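In: prediction below, plus the sequence it came from.
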Amino acid sequence: MVKNFNFITVIFIFLLLISCGKEDYIGPPIEAQFGELIIQEPFSSDKPVGVDFSLNDTVRFFSEFSISANFNINISGRNSGANFTISGTGKNLSNVFWAGNSDNIFFKQYEWCDVVLSFDNSDTTLSDSILILGERDFSNLGYLLTSYEDPSEYGLVNSQNTTQLQVLNNSSIAIHGNNFLDISGEGSNTYFGATRISILLGGISEPNKSNIFFNGFFKSDLNGSAVVVKMFEDENNDGSYDQGIDEAWTYKFTLNSNGVWNKESFNFDNFTVDQTAGNVQIDGNLNVGNIIRLDVVCSQNGNSFGNFGYFVDYLILTYNSSL
């Protein structure tokens, strides 16, 4: 019995030694995770004299590190205040590029951007700068409603409560290009004017309303200011919106009154049938192919008397995701 016990003990120890001696690793070697971060190639880009995003150009970044690391490239515009962040993991920045897109508002033409490369769990930072020679054209992301550069794209609608309704030209203020609309009014429980945009039947190429997003840029310092976006169908295909025969749709949102540009985006699923002021529900189905008109209305949140309004620029419908 003692011999059997000793034999079993020897076998157990042998198996334990074999299991401890395996050289298979799960995950990266520990030195790759916890080694010293050394910059082996300085941070730079392939556009030292500037990039023209209007020509669909891009910026490629370069740098190499001694270990695989989580990195972040933060890009900020000195004049616009626009920002964009690129994050990734690796030992270099191969295939890391910037196409002029932003997280919030747009970067501007002839604007210098500060670019900072940083790493998670490290104090190491590297910096560079890039000059934007031309703004990116975002119209290929969907259907550009208006950027207020071309008067044929839009019409302006007054109300008896409108106090300001004018397209202004100032590239240092405009979110994109040179022009933007200044619209405001005084009163209560009413509207204060609108941008009116005609849409060709079938002009919106995405048939699924759930894949369509309205995007616009608004700037206000008047508390309680709001925007009502209204859409109108031409269900009988007579070339116009006929109240009581065609359906209207509406969505309202309150603006941030922080006095800076803010991007506002929402999905077409947010629209509801407008049954006010003589509008009626016909079938309750938003048919994107029938949309013939879109109004962006200056309004208010609530019904108290006051002054309400905003600057507005670059209205665009995008497909599959917001701008």
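Out: Nice, I can see it. Residues are numbered from 1 along each chain as shown.

In: for the stretch 1-150 of the chain, which spans come out with low pLDDT?
Out: The model of the stretch 1-150 of the chain has pLDDT under 70 over residues 1-34.

In: please enumerate the strands of it.
Out: Secondary structure of the stretch 1-150 of the chain, counting by DSSP state E, counting those that start in this stretch: strands at 39-45, 51-52, 59-77, 83-92, 97-98, 111-119, 125-134, 142-146.

In: please identify the most buried of these.
Out: Of the strands of the stretch 1-150 of the chain, the one with the most neighbours on average (mean count of other C-beta atoms under 10 Å) is strand 142-146, at a mean of 21. In short, each C-beta sits where N, CA and C put it, glycine included.

In: packing partners for that one?
Out: strand 194-198, strand 306-319 (3 or more C-beta pairs under 8 Å, 6 or more residues apart in numbering; DSSP states H and E).

In: just the helices in the chain please.
Out: For the chain, the helices defined by DSSP state H occupy 2-20, 30-34.

In: would TSV of the strands of the stretch 1-150 of the chain with distance to Tyr314 be doable?
Out: Shown next, in TSV, are the strands of the stretch 1-150 of the chain (distance: least, C-beta to C-beta, whole Å):
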stretch	distance to Tyr314
strand 39-45	27
strand 51-52	19
strand 59-77	16
strand 83-92	17
strand 97-98	20
strand 111-119	16
strand 125-134	16
strand 142-146	8
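
In: show me what contacts Asn70?
Out: 87-89, 119-121 (C-beta atoms under 8 Å, 6 or more residues apart in numbering).

In: residue ranges with poor pLDDT in the stretch 151-300 of the chain?
Out: Checking the stretch 151-300 of the chain against pLDDT under 70 turns up nothing.

In: what's around the residue nearest to Asp242 when sequence neighbours are not counted, how many residues?
Out: Closest residue to Asp242 apart from its sequence neighbours, by C-beta to C-beta, 6 or more residues apart in numbering: Asn236 at 6.7 Å. Other residues lying near Asn236 total 12 when counted by other C-beta atoms under 10 Å.

In: ok, now how distant is Asn236 from Leu201?
Out: 11 Å (C-beta to C-beta, to the nearest Å).

In: pretty sure Leu317 sits against Ser139.
Out: No: assessed by C-beta atoms under 8 Å, Leu317 is found out of contact with Ser139, at 10.2 Å.
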